[in-house]
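> Pasting a predicted model and its sequence here:
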Amino acid sequence: MAMRKILLTLISFVALAALVACGNSNNSNPVPTAPTGGNSVGFSNSNLAGTYVFSGNGVNRTGNNFALLGAFTANGSGNITSGYRNVYTDGSRAVLESVTGSYNVNQDGRGQVFLNGSSGQAIYQFVMQSPSSASFFQFSSGADATGRLQLQSTVVAPSGTYIVRLDGEDSSGNIYGAIGGIAISGTSITGTIDQNDNGILDNSTSAPLSASGTLVATDSNGRGTLQLSIAGATHNFVYYFVSPSHIELIGTDGYSLHGYADLQTSVSGSTAAFTGDQVFSLSGFNSNGAAVIETGRFTLGGGAVTNAVEDYQLGGNSSSSYFGAVTFTNGTYAASSNGRWTAQISGSQASNLVGWQVSPQQSVLLAWNASSTNAETGTLRAQNTTVTTASITGPYAANLSGFNYNDPGYVELAGNLDASGGSLNGTIDSQTPGYYNTNVAASGTYSIATDGTGRSPNGNIAGVAVVIYTVDANTAYLISSDNTRLYQGKMVSQLP
């Protein structure tokens, strides 16, 4: 059974009540309307200039997962002068092609990229967080995908310890997730990995699996290959260099995998040193193919997990089940000198966690629950609990991926929202099954709790209830809170 990862790491969220009935909706015209109007934030074509790595994943209409990865050069005036695009599906289809094209950037950061290659044209609707990053969804009548654009720095050879995150399926189509630390030195890779294959952790929480491999240096476009063997299973990847601290990965063999690796900058190094308030976001599936999404927060201190609460949803055949304000009990954790840590939590859907620190302020997560044989991956961020409703102000970039049970099918969205005094107003572009919607006005409300948790159950966007968890004044995670929409994401401050 083909699975789909609900979210990548940099997606954001705005829920839509009935967009298929408003805006510039169309189920036959293959080209969406260019973004116009919206809030005056200060973006233009000149903000998209340089070489950008683009990466994403999704599912096509035949039910096959696919992942895309490449790089293009934008000239700052609307033209894509060169680039490459890789696409791999679990239906054994592979594409490697040269691309050129065009783009446009609206004043509120929304825009479009048109990439033309031998396989045809690919269209990405995006919203920029800054000139160095954007979130996008692929406009297509035959596929759904979300992803991100990242400005590439001068290409150098990756070197150091990287924290890797992989998602997708194994060669039998079962759910798969893995995280770990790998050391890259020249062409050699060594490290340790925690992996969950079909809802079963392949190691104990005290003994991650050994990993080794080789890396081939990038070409002038920042494209290279690497091979990683985990407990005897060898995986082949194409990677694109974004910066010395970040590379993007896409699998090229029987496993349908995609992911990334971040340079580890520092670690807390011990249970006593790894403390403080944390926000997490997780998504994945159980072994029956039901989607699971979770967003929440907790406090770490002295080996105890306290002040913990989460909201999660479990997908079904015709609807999802929403579980709100689930309070954790009896949580414990332990951290080691290499930045790996584990937690066991009673009362949580993800009752077992393994984390690898990129820094003390950021970790990647692998979660599982033996009773439901689920596999989830995600991120953990240090939380500023002093954020208030007034702190959330100014323009925010939003991007969505999820599933709507009212009008069954996947939903993708990119948009700009201006936040002020508990109100949200802006413009969005979206895609639902058979329809695209551009330049649609959107509004909503938010109210950040004052109890120090950063959780607010009172968010409402375009008529859809959401729960908000603030990381800080620049970032907020959200999760839908009804049984008909399985949505999850975040909002990120825009800086032109």
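That came in fine, so what should we check first? Residues are numbered from 1 along each chain as shown.
> C-alpha from now on. contacts and neighbour counts both.
Noted.
> Break this protein into its domains for me.
The record's domain parsing of the chain by automatic domain parsing lists 19-151, 160-263.
> so how far is the first one from its chain's centroid?
Translated: domain 19-151. 16 Å (C-alpha atoms, centre = their mean, to the nearest Å).
> which element is the residue lying closest to L201 once chain neighbours are set aside on?
Sequence neighbours aside, Q195 is the residue nearest to L201 in space, at 6.0 Å (criterion: C-alpha to C-alpha, 6 or more residues apart in numbering). Taking DSSP states H and E as the definition, Q195 sits inside strand 188-197.
> So in that sheet, which strands flank that strand, and in what orientation?
Partner strands and pairing direction for strand 188-197 (DSSP bridges) are strand 175-185 (antiparallel), strand 200-201 (antiparallel), strand 209-216 (antiparallel).
> So what's the residue count around the nearest residue to Q431 once chain neighbours are set aside?
With sequence-adjacent residues excluded and distances taken as C-alpha to C-alpha, 6+ apart, Q431 is closest to E412, at 5.2 Å. E412 has 29 neighbouring residues, counting by other C-alpha atoms under 10 Å.
> what about E412, distance to S140?
As judged by C-alpha to C-alpha, to the nearest Å, E412 and S140 stand 11 Å apart.
> re the thing from before, export the domains of the chain to a markdown table and tack on mean neighbour count and mean pLDDT?
What follows is those, written out as a markdown table (neighbours: other C-alpha atoms under 10 Å; pLDDT from 0 to 100):
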| stretch | mean neighbour count | mean pLDDT |
| --- | --- | --- |
| domain 19-151 | 21 | 88 |
| domain 160-263 | 21 | 91 |
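> Those domains: which one's closest to T275?
domain 160-263 (19.9 Å; C-alpha to C-alpha).
> List the buried residues for the helix or strand harbouring W341?
Using DSSP H and E, W341 sits in strand 340-346. By 16 or more other C-alpha atoms under 10 Å, the buried positions in strand 340-346 come out as 340-345.
> how far off strand 340-346 does the strand holding Q195 point, in degrees?
10 degrees (axes from the mean of the first three to the mean of the last three C-alpha atoms, to 10 degrees).
> what sits up against strand 188-197?
170, 174-184, 201-203, 208-215, 228, 230, 354, 366, 368, 375 (C-alpha atoms under 8 Å, 6 or more residues apart in numbering).
> Distance from that strand to the middle of the chain?
21 Å.
> cool, stretch 209-217 as well?
24 Å.
> again, but for stretch 396-416
Using C-alpha atoms, centre = their mean, the offset of stretch 396-416 from its chain centre is 13 Å.
> so how far is the first residue of it from its last?
Stretch 396-416: ends 6 Å apart by C-alpha to C-alpha.
> Buried residues, that stretch. List them.
396-405, 410-416.
> same deal with stretch 321-337?
In stretch 321-337, counting by 16+ other C-alpha under 10 Å, buried: 321-324, 327-329, 331-335.
> and if you look at stretch 418-428?
Under 16+ other C-alpha under 10 Å, the buried positions of stretch 418-428 are 418-420, 422-428.
> The strand holding W341 pairs with which strands, and in what direction?
strand 329-335 (antiparallel), strand 352-359 (antiparallel).
> and the ones you listed as TSV, adding mean pLDDT?
Below are the strands paired with strand 340-346 laid out as TSV (pLDDT from 0 to 100):
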stretch	mean pLDDT
strand 329-335	90
strand 352-359	95
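> Would you map the strands across the stretch 201-350 of the chain?
209-216, 223-230, 233-243, 246-251, 256-263, 276-286, 291-301, 304-315, 320-327, 329-335, 340-346 (DSSP state E, counting those that start in this stretch).
> export those strands to TSV and tack on distance to G489?
Shown next, in TSV, are the strands of the stretch 201-350 of the chain (distance: least, C-alpha to C-alpha, whole Å):
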stretch	distance to G489
strand 209-216	31
strand 223-230	29
strand 233-243	23
strand 246-251	20
strand 256-263	17
strand 276-286	8
strand 291-301	9
strand 304-315	13
strand 320-327	16
strand 329-335	25
strand 340-346	23
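> Using PDB, write out every CA atom in the strand holding W341.
C-alpha atoms of strand 340-346 as PDB (Å, rounded to 0.1, in the frame of the first residue of the first chain):
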ATOM      1  CA  ARG A 340      21.400  11.400  21.000                       C
ATOM      2  CA  TRP A 341      18.600  11.300  23.600                       C
ATOM      3  CA  THR A 342      15.600   9.100  24.400                       C
ATOM      4  CA  ALA A 343      12.300   9.600  26.100                       C
ATOM      5  CA  GLN A 344       9.500   7.400  27.300                       C
ATOM      6  CA  ILE A 345       6.200   9.000  27.900                       C
ATOM      7  CA  SER A 346       2.900   7.600  29.200                       C
END
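> and it, what's its mean pLDDT?
The average pLDDT for strand 340-346 rounds to 91.
> List the contacts of that strand.
Contacts of strand 340-346 (C-alpha under 8 Å, 6+ apart): 205, 305, 328-335, 351-357.
> residues contacting L424?
By C-alpha under 8 Å, 6+ apart, the neighbours of L424 are 417-418, 442-446, 461.
> for the helix or strand containing it, what is the average pLDDT?
Assessed by DSSP H and E, L424 sits inside strand 423-432. Averaged across strand 423-432, pLDDT comes to 92.
> That strand: how far from the chain's middle?
19 Å.
> Heading C-terminal from that strand, find the next helix or strand.
Downstream of strand 423-432 (by DSSP H and E), the next one is strand 435-445.
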